[in-house]
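Visitor: Sharing a model that was predicted from the sequence below.
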Amino acid sequence: MKLILDFILIGGIVITLLILFILLKSKERQLPQKLLTLFFAILFFYLLNGYADLHEIDILYVISFLFSDCIEVFLGPLILIYIKSLFEDNNVLIKKNWTHFIPSILYIVLITIPFLITIFVDKYIFEYLKYLNENSEVAVMFLVVYLICYILLSLRLFYKYRSAMLSNFSTIKDNDFKWVKQMLIGTLIVACVDFLVSVYEIFAGELSWDTQYITGSLVILLIGYLGYYGVNQSKVLLPDFLIKDDFQKNKSKEKTNQLSNFTETEIVALKNRLETVLLAERPYLDEELTLGKLAQRISTTDKKLSTLLNQHMNTTFYDLINKYRVDAVKEKLNSPEFANLTLLGIAFESGFKSKTSFNRIFKRETGLSPSDFKKNS
């Protein structure tokens, strides 16, 4: 068993070092890359600590303990800031979000460092350290819950940003976000397994073997998968495809562009042109339709179209297109021509990309689920 664990840990350490090498040699040293490097560096020390513990290498254990002991409380805020760094202005990001790391700092000062000193002097320097050590499973459970909450918050934020960018950028595909999503979901799975193991040990008693290696093995699988997927894809662990600078520029320009050079007549003409294109050409049937593509069809810019929608039509590109798609579904449901299609087939024919988004948007627009609406029709 020890030989197998040794092989797994060494493999994980080597893979993590390769990923760190790829990140460190990159010419792009922006904040997302730095945070991603820190993420993998912490995982490296976590694995190194497991290796030192397995082989009872005291010096290596002490060196890596400082980083591995606070992994649950530090990784959560780090992941959240990483997601924000992909989309937000990096110049003020750390300044605005540094408070997320206060629990991490307190944990290191009050628990990690005192535990390190305890290891050196072979005596508990504070009584609460002894209590924590005796109830380590409960402590780990709470730390993992803290990490899970941050990962869920990061996922929610990621999906929010992704939806906004997919709706506004014609060059960005859903597949471009795949690596980041897999990193978040993979980390969440590892944390959930760690939580379940801790709960089991609290209520059913300790297992006969060190459960830390369950989590360690999952971490190694996650690192290996992310490394393999990243190295074999065009974006190689450096998610520059999210084009955060262009996104920020687009947002700032939209705020300042008020169609101030347009007369009321020109605004009405642009609005009429938009409605004519939507009715005659039905571009919303294209599931890949974006703000930029629609703007080209009405011979304007995406900035002007966005301003028209937001300020003069009190809607957004996303809401406008989905309204037309819902109307298309309702029209097809009442048409004999589409009687042989399922509800999902009609949804795809109307421009929707997934069953989940179709059901959610349709109910929001009509107040009924698609199946209920069909029955009433």
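Guide: Arrived safely.
Visitor: which stretches of the stretch 101-250 of the chain form strands?
Guide: Taking DSSP state E, counting those that start in this stretch, the stretch 101-250 of the chain contains no strands at all.
Visitor: from the chain's centre, how far out does the strand or helix carrying Val73 sit?
Guide: Val73 belongs to helix 71-87 when elements are defined using DSSP states H and E. When C-alpha coordinates are averaged (C-alpha atoms, centre = their mean, to the nearest Å), helix 71-87 and its chain have centres 10 Å apart.
Visitor: Ok, stretch 43-56 next?
Guide: On C-alpha atoms, centre = their mean, the centre of stretch 43-56 falls 28 Å from the chain's centre.
Visitor: Run the chain-centre distance for the single longest helix found in the chain.
Guide: Ordering each helix of the chain by length in residues (DSSP state H) puts helix 136-168 first. Taking the mean of its C-alpha atoms, helix 136-168 sits 8 Å from the chain's own mean (C-alpha atoms, centre = their mean).
Visitor: ditto for stretch 325-344
Guide: 34 Å.
Visitor: Check which residues of that stretch are buried.
Guide: Buried positions in stretch 325-344, judged by neighbour count with 16 or more other C-beta atoms under 10 Å: 325-326, 328-330, 332-333, 338, 343. For every residue, glycine as well, the C-beta is placed using N, CA and C.
Visitor: What of stretch 7-22?
Guide: Under the neighbour-count criterion of 16+ other C-beta under 10 Å, stretch 7-22 has 8-9, 12-13, 15-16, 19-20, 22 buried.
Visitor: CSV for the buried residues of stretch 325-344, including pLDDT?
Guide: Output for these, formatted as CSV (pLDDT from 0 to 100):
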residue, pLDDT
Arg325, 92
Val326, 93
Ala328, 93
Val329, 92
Lys330, 92
Lys332, 91
Leu333, 88
Phe338, 86
Leu343, 90
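Visitor: With distance to Asp194 and secondary structure as added columns, please give those in TSV.
Guide: Converted to TSV, the buried residues of stretch 325-344 look like this (distance: C-beta to C-beta, whole Å; DSSP: H, G, I helix; E, B strand; the rest coil):
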residue	distance to Asp194	secondary structure
Arg325	42	helix
Val326	43	helix
Ala328	46	helix
Val329	43	helix
Lys330	47	helix
Lys332	48	helix
Leu333	47	helix
Phe338	49	helix
Leu343	40	helix
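Visitor: what's the helix holding Val73 in contact with?
Guide: Identification of contacts with helix 71-87 by C-beta atoms under 8 Å, 6 or more residues apart in numbering yields 31-32, 35-36, 38-39, 42-43, 46, 93-94, 97, 100-101, 103-104, 107, 140, 143-144, 146-147, 149-151, 153-154, 157-158, 161, 165, 180, 184, 187, 191, 239, 242, 244, 247.
Visitor: Let's see the ChimeraX selection covering just the buried ones among these.
Guide: A single ChimeraX command selects the buried members of the contacts of helix 71-87 (16+ other C-beta under 10 Å):
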select :31,32,35,36,38,39,42,43,46,93,100,101,103,104,107,140,143,144,146,147,150,151,153,154,157,158,161,165,180,184,187,191,239,242,244,247
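Visitor: Next, the angle from the helix holding Val73 to helix 136-168.
Guide: Angle, helix 71-87 to helix 136-168, by axes from the mean of the first three to the mean of the last three C-alpha atoms, to 10 degrees: 10 degrees.
Visitor: Send over helix 71-87 as PDB, restricted to the C-alpha atoms.
Guide: In PDB, the C-alpha atoms belonging to helix 71-87 read as follows (Å, rounded to 0.1, in the frame of the first residue of the first chain):
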ATOM      1  CA  ILE A  71      -5.200  24.900   2.100                       C
ATOM      2  CA  GLU A  72      -9.000  24.700   2.800                       C
ATOM      3  CA  VAL A  73      -9.200  28.200   4.200                       C
ATOM      4  CA  PHE A  74      -6.900  29.800   1.600                       C
ATOM      5  CA  LEU A  75      -8.000  28.100  -1.700                       C
ATOM      6  CA  GLY A  76     -11.600  29.300  -1.500                       C
ATOM      7  CA  PRO A  77     -10.900  33.100  -1.600                       C
ATOM      8  CA  LEU A  78      -8.100  32.500  -4.100                       C
ATOM      9  CA  ILE A  79     -10.400  30.700  -6.500                       C
ATOM     10  CA  LEU A  80     -13.000  33.500  -6.200                       C
ATOM     11  CA  ILE A  81     -10.400  36.200  -6.900                       C
ATOM     12  CA  TYR A  82      -9.100  34.200  -9.800                       C
ATOM     13  CA  ILE A  83     -12.600  34.000 -11.400                       C
ATOM     14  CA  LYS A  84     -13.000  37.800 -10.800                       C
ATOM     15  CA  SER A  85      -9.600  38.500 -12.300                       C
ATOM     16  CA  LEU A  86     -10.700  36.900 -15.600                       C
ATOM     17  CA  PHE A  87     -13.400  39.500 -16.100                       C
END
